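**Student:** sequence and predicted structure, then a few things I'm wondering about:
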Amino acid sequence: RWCPRAAWSRPGRSSALLSYEARPSSRMAEHDAGFLAECAALAERAYYSAPPGGFRAIQVDDAESQTVVERALVASRVVAGRRRLVVAVKGTDVDANWLQNVDADLVPLGTATTPTTLTVRAHRGFARANDALLAAGLDGAIDRARDDNDVPLLFVGHSKGGAQATLLAARALLAADRRNGPSFSSFGATTQREPRVVELVTFGSPRPGDAALAALMAQAEADGSLRATRCVQSSDPVTCVPPERAGFRHCGAPTPVDAGATLASLLRGAVDAWDRQDASLVQSRLVESHAIASYIDRLKATTARGPASDDSSAALERARHHLDTVAAAGALAARLGSWALAKASERSSADAGNNNNGAQQQREASPGGGPSPASSSSASAAPPSLWRNS
């Protein structure tokens, strides 16, 4: 089946500003929902000003604005019943992050410590943000936190943090390639303690790099050195940028956490905004669909409800979501149609009144009370009233 976002555009086509996906989406099982809910909570903690107990925070501060521009939390902890070495990366929450978001050139991902013959390119703003974290000691913090060779390395992040987590996982895989095995040895440090697998879970991530990066991650998943899950909501606008036309690609198929319900919610929000004459309601629905709290709530609801028991139940649930979406779209279309008819009627009435007043003035001004030939010619050459400016 197709990702719910595929309904917004034709497969294989993309907008100049937004590029919606039309690719098969993975199905979420009950145990996956529980694991993903814990990962979403870890991604949320990266936004906290004070690190939670047991985590070490690697931060990059901006002295001028006195804000934390970058933050990554590192800890060895149990997630979904298994000990993992967690690296949670903060997303966008200060003005400086927006400047990084729009710095959307593609640059080589390999560095002096991770040389590679692959032409893997990454979003420049996100790559530079990771460079700042590494310079602040992220690699050393990971080495010190790792106490077991068998512990998976789990990267999590929301929004910009999800894209950065993807690039960190890719750099780990590139470093591993030099030693012919899964590795994250501090992006090239001499230590030989190497985890057996890299895990990656992102929420509402923008596109982090080019097609070569996506191919690298796909190959790593195929050979078992990477387990990745990219969670999306159907109306989350951040997952649609940067555009594919600029050379950007997502890594891996999307895992929808809302089965299309958010699109119906967004359309209903537009109807409410129309009725209340408050356009900010639509904006608030878009912001809500991207918030990490929204992902957490939906994953928790999925965990409590459990997955569909069989394919027929899943099909019924998807059909219900599609019907909700169609109903909301129909309500919005009806309001737009009523508004267009009302505006056309107002313009026709106004033009008719103006024509009557003009004709009356012409009759009063011309001898005999009739319109002059020039005025009649001018009136007949006038464009239709619907094309005039109101």
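**Tutor:** Ah, there it is.
**Student:** gap between Pro208 and Ala75?
**Tutor:** Distance of Pro208 to Ala75, computed by CB to CB, to the nearest Å: 24 Å. C-beta: built from backbone N, CA, C; applies to glycine.
**Student:** of those two, which one has the most company?
**Tutor:** Under the criterion of other CB atoms under 10 Å, the comparison of Pro208 against Ala75 puts Pro208 first, with 28 against 20.
**Student:** give the contact list for the more buried one.
**Tutor:** By CB atoms under 8 Å, 6 or more residues apart in numbering, the contact list for Pro208 reads Ala122, His123, Phe126, Gly162, Ala163, Gln164, Thr166, Leu167, Phe248, His250, Cys251.
**Student:** export these to TSV and tack on pLDDT, distance to Asp351 and neighbour count?
**Tutor:** Listed next are the contacts of Pro208 as TSV, based on pLDDT from 0 to 100; distance: CB to CB, whole Å; neighbours: other CB atoms under 10 Å:
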residue	pLDDT	distance to Asp351	neighbour count
Ala122	96	57	27
His123	97	52	30
Phe126	97	55	29
Gly162	98	54	29
Ala163	98	53	34
Gln164	98	58	30
Thr166	98	58	32
Leu167	97	59	26
Phe248	97	49	24
His250	97	51	25
Cys251	96	57	26
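**Student:** got the residues you listed as a markdown table, with distance to Asp236 and secondary structure columns?
**Tutor:** As requested, the contacts of Pro208 are exported to a markdown table (distance: CB to CB, whole Å; DSSP: H, G, I helix; E, B strand; the rest coil):
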| residue | distance to Asp236 | secondary structure |
| --- | --- | --- |
| Ala122 | 21 | strand |
| His123 | 18 | strand |
| Phe126 | 17 | helix |
| Gly162 | 11 | helix |
| Ala163 | 13 | helix |
| Gln164 | 17 | helix |
| Thr166 | 16 | helix |
| Leu167 | 20 | helix |
| Phe248 | 16 | coil |
| His250 | 12 | coil |
| Cys251 | 16 | coil |
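**Student:** show me which of these is closest to Gly34.
**Tutor:** Checking these against Gly34 with CB to CB, the nearest one is Gly162 at 19.5 Å.
**Student:** quick one: that closest one and Gly91 touch, right?
**Tutor:** Yes. Gly162 lies in contact with Gly91 (CB atoms under 8 Å); the separation is 7.1 Å.
**Student:** joint contacts of these two?
**Tutor:** Here Gly162 and Gly91 have Ala43 as joint contacts, going by CB under 8 Å, 6+ apart.
**Student:** how about the strands in the chain?
**Tutor:** Here the chain has its strands, by DSSP state E, at 56-62, 67-79, 82-89, 106-108, 121-123, 153-158, 198-203, 226-232, 254-256.
**Student:** so can I have a markdown table of the ones you listed showing distance to Leu323?
**Tutor:** Converted to a markdown table, those look like this (distance: least, CB to CB, whole Å):
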| stretch | distance to Leu323 |
| --- | --- |
| strand 56-62 | 46 |
| strand 67-79 | 37 |
| strand 82-89 | 38 |
| strand 106-108 | 41 |
| strand 121-123 | 38 |
| strand 153-158 | 30 |
| strand 198-203 | 27 |
| strand 226-232 | 22 |
| strand 254-256 | 17 |
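**Student:** tell me the spacing between Asp93 and Glu44.
**Tutor:** According to CB to CB, Asp93 and Glu44 sit 11 Å apart.
**Student:** swap in Cys240?
**Tutor:** The value you get for Cys240 to Glu44, if CB to CB is used, is 22 Å.
**Student:** higher neighbour count, these two?
**Tutor:** Neighbour totals were compared for Cys240 and Glu44, and Cys240 leads with 23 against 20 (other CB under 10 Å).
**Student:** Gly252 is in contact with Val232, correct?
**Tutor:** No. The pair Val232 / Gly252 is not scored as a contact, 10.8 Å apart, by CB under 8 Å.
**Student:** who's more crowded, those two?
**Tutor:** Val232 (28 against 18).
**Student:** for that one, give the beta-bridge partners.
**Tutor:** Beta-bridge pairing for Val232 (DSSP bridges): Pro256.
**Student:** begin at 33 from here
**Tutor:** With the count now opening at 33, the last piece we talked about shows up as Val264.
**Student:** ok, now how distant is it from Thr234?
**Tutor:** Between Val264 and Thr234 the computed distance is 9 Å (CB to CB).
**Student:** also Val106?
**Tutor:** 17 Å.
**Student:** comparing the two, which residue is more hemmed in?
**Tutor:** Using other CB under 10 Å as the criterion, Val106 and Thr234 rank with Thr234 on top: 34 against 23.
**Student:** and the more buried one, what pLDDT?
**Tutor:** If you check Thr234, the pLDDT there is 98.
**Student:** once you drop chain neighbours, what's closest to it?
**Tutor:** Distances taken as CB to CB, 6 or more residues apart in numbering place Gly194 nearest to Thr234, at 3.2 Å, with adjacent residues excluded.
**Student:** contacting residues around the one you found?
**Tutor:** The contact partners of Gly194, taken as CB under 8 Å, 6+ apart, are Ala75, Val121, Gly123, Val188, Thr234, Phe235, Gly236, Ser237, Pro238, Pro240, Arg262.
**Student:** next, count neighbours for the first one.
**Tutor:** Residues contacting Ala75 under the criterion other CB under 10 Å number 30.
**Student:** buried stuff in stretch 89-109?
**Tutor:** Neighbour counts over stretch 89-109 (16 or more other CB atoms under 10 Å) mark 89-92, 100-108 as buried.
**Student:** with that, I have no additional questions.
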